[in-house]
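J.: Have a look at this prediction, sequence included:
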Amino acid sequence: MQAASIQPAPRTPSRGQPITPAPRRTAALGFVPTRDRWLITGFLLALALPPEAQFNLGPLVLSPQRLLLMLAIVPAALRVMSDRRLGLKVLDGLALLHVAWAWIALAKVHGINSMSIEAAGSYTIEFLGSYLLGRALIVSPAHILYFLRRLLLIIFILALLAIPEMLTGKHIIREAFGSVFGSRYLGGVTPRFGLTRAFTSFDHPILWGVFAASALGMTWYLTPARRALGFRRVWRCAAVVGAAFTSLSTGPLMACTVQLGILGWDVVTRGIKGRWWVLLAGALAAYIAVDALSNRDPLTVFVHYLTFNAQTGYDRKLIWDIGLAQVRLTPIFGIGFNPWTTAPEWWHNTSVDAFWLLTALRYGVPGALTLIALTLWTIIRVIRVPYKPLRPFAMGWLVTFVGLSIAAVTVHLWGSAFVLFGFLLGMGVSLASIIPPKPRPNPYNAAGGSLQRGGPRS
């Protein structure tokens, strides 16, 4: 697919040149109703509110984003079914199948009790709720632009607070909310390079970094620029990368690295046919070369060079080795929330820093395969968007989502990051389904006639 960018309106013609009125951008891209503006803004603000703002309702822990999704999931589902611009898709069935299997797997492993029902219900709210909200709120290119603008605004505000947090070690937002609602645990995260890893308003620096990195691809393709390296485009993307850097986390920086690599390839090879197939072939060739020439497997080499230190990369490789051994023992229903049994006695790390692996561990191979199939199918559909004015939106989403999906190989997405993942997935399904506007008939050329000079006369 040939990449494109949204170009700004043409300059005013000089004296003596004919004046041709340019079409209004809002008319070409669609219109964002006030209700949708409030919902998109509210969703992003809910993601950015700190965990100190959550509260307990009996056994349920209600975070701001979970509460919003509980209220929005049914209206979002009804809108998807009733809005002719959206309509139900086979991909929606895959999303439902994935959630249904999670219920079955947890019931099989833990039995039908309050624990399994609460866990499956929470997963349904966070994944299916965010997916349906992404489907329901993205009905035109204008909705995507509005979403990106609000996302960038929140990222830039948080980044301004992340810099002093990284330099001073004072968690400005978390401590401010903690003084009102009660503090939560902020330990367990060691400094790197003598700097504090910024939390901003998230549970963990990784979540803040993922949130910031998620805007990079869309920022590049949806920022108006007369040249590929236009100033506004470059500084916005640099600000996004800088915001992700304040987390000092491998996963977000890996997501940025992947996205920047794709963006660089797009700029250098623009106009060359089959360039994306060349990129894919080059990646496969590099994998085979590393496998043949190195005494380590390619995944180990990949993780080693994209993590901050060798020990971190080694730990992530061990997580995959131990986790895959467990998946082979419990391939159908997984282990739910039980500890894995394949870990050696000396292994005391209980976290699984790998989103795709943890999905297979918790819900079995069918649970992971349904989610992977949904992700890959959505990517393929967005790649095949035929309507030329939608290509910048398609490219922005693709670069963002591919970078996030690759980073999820060595990062677990939970909380706000997981909700954002579900929303972006739903956004991709709706983006691939946007119907191009029908061309308006020219009244002057109706029935073969013309009122232009030189046309047939009556």
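T.: On my side now, so go ahead.
J.: contacts, neighbours, all on C-alpha from now
T.: Fine.
J.: So which helix or strand of this protein has the lowest pLDDT on average?
T.: Least confident helix or strand of the chain, by mean pLDDT, DSSP states H and E, is helix 25-29 with a mean of 52.
J.: And the next helix or strand past it?
T.: Going down the chain from helix 25-29, the next helix or strand is helix 34-48, by DSSP states H and E.
J.: what helices or strands is the next helix or strand along the chain from that next one leaning on?
T.: Scanning forward in sequence from helix 34-48 by DSSP H and E, the next helix or strand is strand 55-57. With contacts taken as 3 or more Cα pairs under 8 Å, 6 or more residues apart in numbering; DSSP states H and E, strand 55-57 sits against strand 60-62.
J.: got the contact list for the next helix or strand after the strand it packs on?
T.: Moving toward the C-terminus from strand 60-62, the next helix or strand (DSSP H and E) is helix 64-82. Contact partners of helix 64-82, identified using Cα atoms under 8 Å, 6 or more residues apart in numbering, comprise 43, 46-47, 49, 53-54, 86-88, 125-126, 128-130, 132-133, 135-136, 416, 419.
J.: show me the contacts for residue 49.
T.: 64, 201-202.
J.: how many neighbours does residue 351 have?
T.: Neighbourhood size, residue 351 [other Cα atoms under 10 Å]: 10.
J.: Please report the distance of it from residue 413.
T.: Going from residue 351 to residue 413 by Cα to Cα, to the nearest Å gives 12 Å.
J.: what would the contacts of residue 49 look like in TSV with pLDDT, distance to residue 345 and neighbour count?
T.: Formatted as TSV, the contacts of residue 49 follow (pLDDT from 0 to 100; distance: Cα to Cα, whole Å; neighbours: other Cα atoms under 10 Å):
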residue	pLDDT	distance to residue 345	neighbour count
64	87	39	23
201	87	36	24
202	89	33	23
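J.: from these, which is closest to residue 165?
T.: Minimum distance to residue 165 across those is 11.1 Å, recorded for residue 201 (Cα to Cα).
J.: Look up the closest residue to that closest one, ignoring the ones flanking it.
T.: Excluding its sequence neighbours, the residue lying closest to residue 201 (Cα to Cα, 6 or more residues apart in numbering) is residue 50, at 4.3 Å.
J.: shouldn't that neighbour be in contact with residue 177?
T.: Yes: counting by Cα atoms under 8 Å, residue 50 touches residue 177, with 7.4 Å between them.
J.: So for these two, which residue has more residues nearby?
T.: residue 50 (24 against 18).
J.: Quickly note the distance from that one to residue 175.
T.: Remark: distance between residue 50 and residue 175 (Cα to Cα) = 10 Å.
J.: With residue 370 instead?
T.: 40 Å.
J.: Point out where the stretch 201-350 of the chain drops to low pLDDT.
T.: 291, 294-314 (pLDDT under 70).
J.: wait, isn't residue 52 in contact with residue 173?
T.: No: with contact defined as Cα under 8 Å, residue 52 does not reach residue 173; the gap is 9.8 Å.
J.: show me where the stretch 201-350 of the chain has helices.
T.: Ranges of helices in the stretch 201-350 of the chain, per DSSP state H, counting those that start in this stretch, are 205-213, 216-222, 231-245, 250-268, 275-293, 298-305, 310-329.
J.: Can you show me the CA trace of the longest one as PDB?
T.: Meaning helix 310-329. Taking Å, rounded to 0.1, in the frame of the first residue of the first chain, the C-alpha atoms of helix 310-329 are listed here in PDB:
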ATOM      1  CA  ALA A 310      21.800  -8.200  29.400                       C
ATOM      2  CA  GLN A 311      20.200  -9.500  32.600                       C
ATOM      3  CA  THR A 312      16.800  -8.000  31.600                       C
ATOM      4  CA  GLY A 313      17.100  -9.700  28.200                       C
ATOM      5  CA  TYR A 314      18.100 -13.000  29.800                       C
ATOM      6  CA  ASP A 315      15.200 -12.900  32.200                       C
ATOM      7  CA  ARG A 316      12.700 -12.300  29.400                       C
ATOM      8  CA  LYS A 317      14.100 -15.200  27.400                       C
ATOM      9  CA  LEU A 318      13.700 -17.400  30.500                       C
ATOM     10  CA  ILE A 319      10.100 -16.300  30.900                       C
ATOM     11  CA  TRP A 320       9.400 -17.500  27.400                       C
ATOM     12  CA  ASP A 321      11.200 -20.800  27.900                       C
ATOM     13  CA  ILE A 322       9.400 -21.500  31.200                       C
ATOM     14  CA  GLY A 323       6.100 -20.200  29.900                       C
ATOM     15  CA  LEU A 324       6.100 -22.300  26.700                       C
ATOM     16  CA  ALA A 325       6.900 -25.400  28.700                       C
ATOM     17  CA  GLN A 326       3.800 -24.700  30.800                       C
ATOM     18  CA  VAL A 327       1.700 -24.100  27.700                       C
ATOM     19  CA  ARG A 328       2.700 -27.500  26.400                       C
ATOM     20  CA  LEU A 329       1.400 -29.100  29.600                       C
END
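J.: Of the contacts of helix 64-82, select the buried ones using a PyMOL command.
T.: Filtering these down to the buried ones (16 or more other Cα atoms under 10 Å) takes a single PyMOL command:
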select buried, resi 43+46+47+49+53+54+86+88+125+126+128+129+130+132+133+135+136+416+419
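J.: picking that back up, what about residue 52 and residue 173, which has more around it?
T.: residue 52 (24 against 19).
J.: who's in contact with that one?
T.: 174, 177-178, 181-184.
J.: Would you mind giving the contacts of residue 49 as CSV with distance to residue 288 added?
T.: Output for the contacts of residue 49, formatted as CSV (distance: Cα to Cα, whole Å):
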residue, distance to residue 288
64, 46
201, 42
202, 39
